[in-house]
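> This is a predicted model, with the sequence first.
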Amino acid sequence: MNRGLYSFLLIFIVLFFGSLYYSNVVQTPIINALNTIKINFRNFSEYVETKFQEHTFQAKRISELEDKLQKYEKNHLIMQELASELNDLFSQTHSNLKVNPDVELVRAISYQKFADLNRIWLEVKDYNASKIYGLTYKELVAGIVISQNNKPLALLNKDIKSAYAVQIGENKAPGIAHGNNSEYLVVKFIPAWFKIKEDDVVTTSGLDKIFFKGLKVGRVVSVTSSQGYQNAIVEPFFKINNPNYFYMIKQIR
């Protein structure tokens, strides 16, 4: 009896594994089940690995940002101290000058019109519609902010109504930068006696009380003369088409 049972089990096992090896009918559901298990296991492994890498990257990135923030805070404190000492100096010399700049991070909401990429509605806290403000992006001049229906509207550099005071080259030649609804800006009313040339850097002069002095605008491409003045065609440094945030200069001093 026992030998017969063992023989039967042995034959059954041989037939079973043989059918697994040679029969597609038996193989297919088993292989599918195993493949499903493998795929799920691999997906889970990749998910864990990805999350681990993200966590590691984020931790490293957070550490880098903390270091930068400390440096920025240090520089900010130094600038605050220098501004305080300068204001004290003005006070001691009975000067009306003060150093009290005010810059605010503002968010872009939407284009005013879909066909015009140079006009953007902004989200600004405590907006004063009676003033014109300077707009920057990563220390580059981006345009100005005007009031439209008592709401802040950004006119980017290329907009034809965007205008502000600038200076050109080492000689600080004065002029007024205008948008031109094209790739380049135009700086007009440059006195003829100033020598300017291609590749001269254009910066803000600060004389319009809109921008700080020395912010980068662009680089001279060409120069022409007209009615006793010079005009400069300028390639702007700011070329971002869809920024999410800007810095708005609320007060220069």
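Received it, and whenever you're ready, just let me know what you need. Numbering: from 1, shown residues only.
> ok, now which ones touch residue 166?
If a contact means C-beta atoms under 8 Å, 6 or more residues apart in numbering, then residue 166 has 174-177, 187, 202-205, 217 as its contacts. All C-beta spots, glycine's among them, are computed from the backbone N, C-alpha and C.
> just checking, which of the residues you listed belong to helices?
In this view, the contacts of residue 166 have no member that belongs to helices under DSSP state H.
> Mark which of those residues are part of strands, please.
174-177, 187, 202-204, 217 (DSSP state E).
> circling back: pull out the buried residues from the contacts of residue 166.
174-175, 177, 187, 202-205, 217 (16 or more other C-beta atoms under 10 Å).
> Using PDB, write out every CA atom in stretch 122-142.
Only the C-alpha atoms of stretch 122-142 are listed here, as PDB (Å, rounded to 0.1, in the frame of the first residue of the first chain):
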ATOM      1  CA  LEU A 122       0.100  91.800 -10.700                       C
ATOM      2  CA  GLU A 123      -0.900  90.800  -7.100                       C
ATOM      3  CA  VAL A 124       0.300  93.600  -4.900                       C
ATOM      4  CA  LYS A 125      -0.500  94.200  -1.200                       C
ATOM      5  CA  ASP A 126      -1.300  97.800  -0.100                       C
ATOM      6  CA  TYR A 127      -1.100  99.100  -3.700                       C
ATOM      7  CA  ASN A 128      -0.900 102.800  -4.100                       C
ATOM      8  CA  ALA A 129      -2.500 103.600  -7.500                       C
ATOM      9  CA  SER A 130      -1.100 107.200  -7.600                       C
ATOM     10  CA  LYS A 131       2.500 106.100  -8.200                       C
ATOM     11  CA  ILE A 132       4.600 104.500 -10.900                       C
ATOM     12  CA  TYR A 133       6.900 101.700  -9.600                       C
ATOM     13  CA  GLY A 134      10.000 100.000 -10.900                       C
ATOM     14  CA  LEU A 135       9.900  96.300 -11.700                       C
ATOM     15  CA  THR A 136      12.900  93.900 -11.500                       C
ATOM     16  CA  TYR A 137      13.600  90.200 -12.000                       C
ATOM     17  CA  LYS A 138      16.700  88.800 -10.500                       C
ATOM     18  CA  GLU A 139      18.400  92.200 -10.300                       C
ATOM     19  CA  LEU A 140      17.500  93.000 -14.000                       C
ATOM     20  CA  VAL A 141      15.100  95.700 -15.000                       C
ATOM     21  CA  ALA A 142      11.900  94.100 -16.200                       C
END
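> pLDDT below threshold where in the stretch 101-250 of the chain?
For the stretch 101-250 of the chain, no stretch is flagged by pLDDT under 70.
> Can you show me the strands along it?
Ranges of strands within the stretch 101-250 of the chain are 102-113, 116-123, 133-137, 140-148, 151-156, 163-168, 173-178, 185-191, 201-204, 216-226, 229-236, 245-251, based on DSSP state E, counting those that start in this stretch.
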